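Q: Fold the following for me, if possible:
(one chain, ligands or ions: 1)
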Amino acid sequence: MTTSPTFSMCVYCGSRPGKLDAFGEAADAVGHWIGSHGGQLVYGGGKSGLMGTVARATREAGGRVVGVIPKALVDRELANELCDELHVVTTMHERKAMMAERSNAFIAIPGGIGTFEELYEIWTWRQLGYHDKPIGILNAHGYYDGMLQFLQQCVGQGFMDEWQMGLIKSGDNHATLLEQLVEEAGLSRQNDALREVI
Ligand code: AMP
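A: Have a look, this model is predicted:
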């Protein structure tokens, strides 16, 4: 694409495909939505599982793809050659900081430990005021039902407040959720604080 992307969406997702077709369909739909709305994908730069699916779909729909991957994973030949920009960094910390800085909003779709870690870190940074960028959870096929229920239990037990839950948008419709995140990103002060603290 020749014009600059209108927004940069960071997608956290599984390096595995998961067992249900619904998960691959969700990753495909998210990538197509980003590409067809003039957006740019920022993600972990891998080609396996839902990561590969979302990157491929973004490209197919005409979007730019930015991958940020640690050297160790490139060495294992898992880097995705279809990235328009592939940043090879030294540490995981460097990677997550660059993914955060290059994005206007974040969405977690189904995934495993790596996805959870990225989601919780960007959420923690937000609650501390390190950044002001919107964060969403795509609850595709009810994948995150149990986690969302547990988080409400954390509020009930006094380890979290409702305002912290309110920092996360969740929903099962990718288009509705992505629209909300992009709209909210337009209001955010973005990287001001992030650059200073991470
Ligand atoms: P997981 O959910 O455990 O499969 O981990 C996926 C998340 O961790 C992604 O959002 C990536 O940023 C990162 N990650 C894990 N495995 C890889 C890999 N093989 N290549 C690139 N990134 C990965």
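
Q: just the residues of the chain that are near the ligand, which are they?
A: Counting by C-beta under 6 Å from any ligand atom, the chain comes close to the ligand at 12-16, 44-46, 48, 51, 69, 73, 78, 111-115, 118. C-beta here means a position set from N, CA and C on the backbone, and glycine is covered the same way.

Q: Now list the buried members of the residues you listed.
A: With burial judged by 16 or more other C-beta atoms under 10 Å, the buried subset of those is 12-15, 44-46, 51, 69, 73, 78, 111, 114-115, 118.

Q: Sitting in strands, which of those do you find?
A: Judged by DSSP state E, the subset of those located in strands is Tyr12, Ile69.

Q: Of the buried ones among the residues of the chain next to the ligand, just say which sits nearest to Pro5.
A: For those, the residue nearest Pro5 by C-beta to C-beta is Gly45; the value is 17.0 Å.

Q: Mind jotting down where the helices sit in the chain?
A: For the chain, the helices defined by DSSP state H cover 21-36, 49-60, 71-75, 92-101, 113-127, 145-156, 162-165, 174-185, 192-197.

Q: tell me the mean pLDDT over the last one?
A: Averaging pLDDT along helix 192-197 yields 58.

Q: now this structure, which segments are flagged as low pLDDT?
A: Applying pLDDT under 70 to the chain picks out residues 1-3, 77, 187-198.

Q: What's opposite the residue most central in space within it in the beta bridge?
A: In the chain, the residue lying closest to the centroid (C-alpha atoms, centre = their mean) is Val11, at 2.4 Å. For Val11, the beta-bridge partners are Ile107 (DSSP bridges).

Q: What are the neighbouring residues in contact with it?
A: By C-beta atoms under 8 Å, 6 or more residues apart in numbering, the contact list for Val11 reads Val30, Gly31, Ile34, Leu41, Val42, Tyr43, Val54, Phe106, Ile107, Ala108, Ile109.
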